[in-house]
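Visitor: Structure for this input, please:
(2 chains)
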Amino acid sequence: MTKIRKGLAMSVLCFYLAGLSGPLWAQDPPDETAGEVIVLLKEQNRKLSKDLRRIQREIAALRADLAKPGIKDVFAGIGYIFGLCGVAAFVAARRKE
Amino acid sequence: MHISDGVLPLAVTIGGYGASAGFAAWSARRILSRDLPKVAVVTSAFFVASLVHIPFGPTSTHLLLPGLAGALLGPGAFVAIGLGLLLQSVLFQFGGITALGANALMMGVPAVVCGWFFQQFKGRTQGRQAIAGGLAGALGTAMAGVFLAIFLVTAGEDFFGVAKLALAAHVPVMVIEGVISGFTIGFLARVKPALLLQSSFQDKTRSFHD
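Guide: Okay, here's the model as predicted:
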């Protein structure tokens, strides 16, 4: 009984492997001359470098955006100014006494 | 119009700090204690104005408002502008911290001169005050451009070339600043004329200690 089962499992596995390897053979490079392959590669290279340039541009734009002062900086500065003027007013008031 | 780190030679940097420290001390003693809230508000307005970008051709410039600060604060404008520039360079990275002295001179001296100019020519009517304020606003920016050129000469640039460039780049800013300062001062003259009176210019005996 177990032998039959083992045999069944083996055969299923064999079929599965055969099915797996099928597409691998189908993916063999088509009959092309080396020149055509180079042209294809160059085309791909061009596309990739175009994408890369776009991404680099986006990173630069992001960096410029990050360097810009945000609303937090604005309010921090206003707070500093009011605070320092408050200290000055405090000192002035104490001197007056 | 900010000078960045490492542009000016060392002697000018130190001299700028020394001169602006002297000016700041003189200016701080001229601020009346009851004017401190006004100083705070004008300083914050000056600090934030640098973020208002005016698109101009391929580049963009931003508001400077030394003329308005000078017209409202008089001699006290130097302290206000120095503080505003310090916070701008620390928080916004506008202008280098080593060039702060030179930057304060470049913006603060025109502001004080504009304040004097405004007090001399403001007249009595609201319209004349608005016009004097607008002229002070335009004059402040123009003078800041000339100061920028003077500082850049010490860094080895050709004076007239830089001055022409700085002034040409700031002509639209001058016009816009003039209009904004004129409207602001006209508005203040209508709703709160007391803000435009300056005891610190006329009344020299009263100081910070009164």
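
Visitor: For the rest of this, base every contact and every neighbour count on C-alpha atoms.
Guide: Fine.

Visitor: Which strand or helix spans B:Ile54?
Guide: Element membership for B:Ile54 (DSSP states H and E) is strand B:53-56.

Visitor: Please list the residues outside that strand that contact it.
Guide: With Cα atoms under 8 Å, 6 or more residues apart in numbering or on different chains as the test, strand B:53-56 has contacts from B:Ser60, B:Thr61, B:His62, B:Leu63, B:Pro172, B:Val173.

Visitor: cool, and stretch B:138-152?
Guide: B:1, B:3, B:7-8, B:64-67, B:102, B:106-107, B:110-111, B:113-114, B:159-160, B:162-163, B:166-167, B:170, B:173-175, B:177-178.

Visitor: Now the buried members of those.
Guide: B:1, B:3, B:7-8, B:64-67, B:102, B:106-107, B:110-111, B:113-114, B:159, B:162-163, B:166-167, B:170, B:173-175, B:177-178 (16 or more other Cα atoms under 10 Å in any protein chain shown).

Visitor: Grab the longest helix from chain A for me.
Guide: Ordering each helix of chain A by length in residues (DSSP state H) puts helix A:34-67 first.

Visitor: related to what we said a few turns ago, contacting chain A as well, which ones from the buried ones among the contacts of stretch B:138-152?
Guide: Among the buried ones among the contacts of stretch B:138-152, none lies close to chain A by the criterion of Cα under 8 Å from any Cα of the partner chain.

Visitor: residues touching the residue nearest to the spatial centre of chain B, list them.
Guide: Closest to where the C-alpha atoms of chain B average out (Cα atoms, centre = their mean) is B:Pro66, at 2.3 Å. Neighbouring residues of B:Pro66 by Cα under 8 Å, 6+ apart: B:Phe46, B:Ile81, B:Met107, B:Gly108, B:Pro110, B:Ala111, B:Cys114, B:Gly137, B:Gly140, B:Thr141.

Visitor: try B:Phe92
Guide: By Cα under 8 Å, 6+ apart, the contact list for B:Phe92 reads A:Lys68, A:Pro69, A:Asp73.

Visitor: Please produce CSV containing those, extended by distance to B:Ala71 and neighbour count.
Guide: Below are the contacts of B:Phe92 laid out as CSV (distance: Cα to Cα, whole Å; neighbours: other Cα atoms under 10 Å in any protein chain shown):
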residue, distance to B:Ala71, neighbour count
A:Lys68, 30, 15
A:Pro69, 28, 15
A:Asp73, 27, 17
